[in-house]
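>>> the following block contains a protein sequence and its predicted model.
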Amino acid sequence: SELVHYETTEGVPLDGILYKPDNFDPTRKYPMMVYFYERNSDNLHRYVTPSAGSSSINYAFYVSRGYVLFVPDIPYTTGEPGISCANAVLPGVQSIVDMGFVDPDRIGVQGHSWGGYQIAYLVTMTNVFACAESGAPVSNMTSAYGGIRWASGMSRMFQYEKTQSRIGGTLWEARDLYLKNSPVFYADKIETPLLILHNDEDGAVPWYQGIELFVAMRRLGKPAWMLNYNGEAHGLRREENRLDFARRMQQFFDHYLMGGPATRWIA
């Protein structure tokens, strides 16, 4: 792993982590996985145990199988959570491609929750990624704003007005921003094959958010799959489900990025 430096579209300096496979050969063209969740560059020296996780790719697993992995940082502007992500991630990805050892036609992206939302937004505005996995995404901020966190009963409105979702106002004060930052309204722009994970007992992000995006893509004839593990929460808790999801993600990304077969559930 190494720290890399790049700039946002507006010229703001950022950091990211680049993980290279063993026996790395800079003359080869590698497939690349991209993963992000706000800022992760402080985790440069963090050890990642190679095991099936609850919701995200395992760094060690993918790098050991021949993928380059890029984890960029993202700064945010209130009212612009979607474009803030694009303005940080896309220049970062291009900076790695410019190094010469990544195949630009074999780049995938994966993220969960806030990361899953941002991936759903990204694929409405770019075809840089050959495939994407979006876990527990908010796809429609207007319906999510009026929902609750099922585990606690807490209204979700606070998240958009004051915290992570960063709209900065109520639905009535900032209606246009809620629409602008909702991927479902731009699903007709998506060309990227999209795998969605959203479970029916998600206590943080109501699972109808994943359903809205999935059925929108299917209605539009777009390549989309949705996985729901019955009785599972925001992240997978049961080991057999973690293993199953890890295998399906491997099959999905290997198919689009490594030339692997389309397994039965993909086909």
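Received, thanks. Numbers count the residues shown, from 1 in each chain.
>>> burial count for the residue nearest to residue 260 when sequence neighbours are not counted?
Nearest non-adjacent residue to residue 260, counting by Cβ to Cβ, 6 or more residues apart in numbering: residue 254, 3.6 Å away. Quick note: C-beta positions are derived from backbone N, CA and C, even for glycine. Counted with other Cβ atoms under 10 Å, residues neighbouring residue 254 total 18.
>>> could you look up the SS state of residue 254?
Classification of residue 254 by DSSP: H, G, I helix; E, B strand; the rest coil places it in helix.
>>> wait, it touches residue 263, no?
No - with contact defined as Cβ atoms under 8 Å, residue 254 does not reach residue 263; the gap is 9.2 Å.
>>> which neighbours do these two share?
Contact criterion Cβ atoms under 8 Å, 6 or more residues apart in numbering; no residue bridges residue 254 and residue 263 by contacting each.
>>> just want the most central residue of the protein.
residue 111 (2.9 Å; Cα atoms, centre = their mean).
>>> which SS class is it?
Going by three-state DSSP: residue 111 is strand.
>>> what is it paired to in the beta sheet?
On the basis of DSSP bridges, residue 111 is bridged to residue 134.
>>> run through the residues that contact residue 189.
124-125.
>>> what about residue 222, how many residues nearby?
18.
>>> hang on, it in a helix?
No - applying three-state DSSP, one finds residue 222 to be coil, outside a helix.
>>> from memory it sits against residue 194, does it?
Yes - in this structure, residue 222 is within contact of residue 194 by Cβ under 8 Å, at 7.3 Å.
>>> for residue 11, give its distance to residue 130.
As judged by Cβ to Cβ, to the nearest Å, residue 11 and residue 130 stand 28 Å apart.
>>> so how many other residues sit close to residue 58?
Here the count is done by other Cβ under 10 Å, and residue 58 has 17 residues near it.
>>> ok, now which ones touch the nearest residue to it once chain neighbours are set aside?
With Cβ to Cβ, 6+ apart as the criterion, residue 58 has its nearest non-adjacent residue at 5.9 Å, and that residue is residue 50. The contact partners of residue 50, taken as Cβ under 8 Å, 6+ apart, are 58, 60-61, 64.
>>> what are the phi and psi angles of residue 142?
Phi and psi for residue 142, reported as degrees, to the nearest 10, are phi -70, psi -40.
>>> tell me the pLDDT of it.
pLDDT, residue 142: 97.
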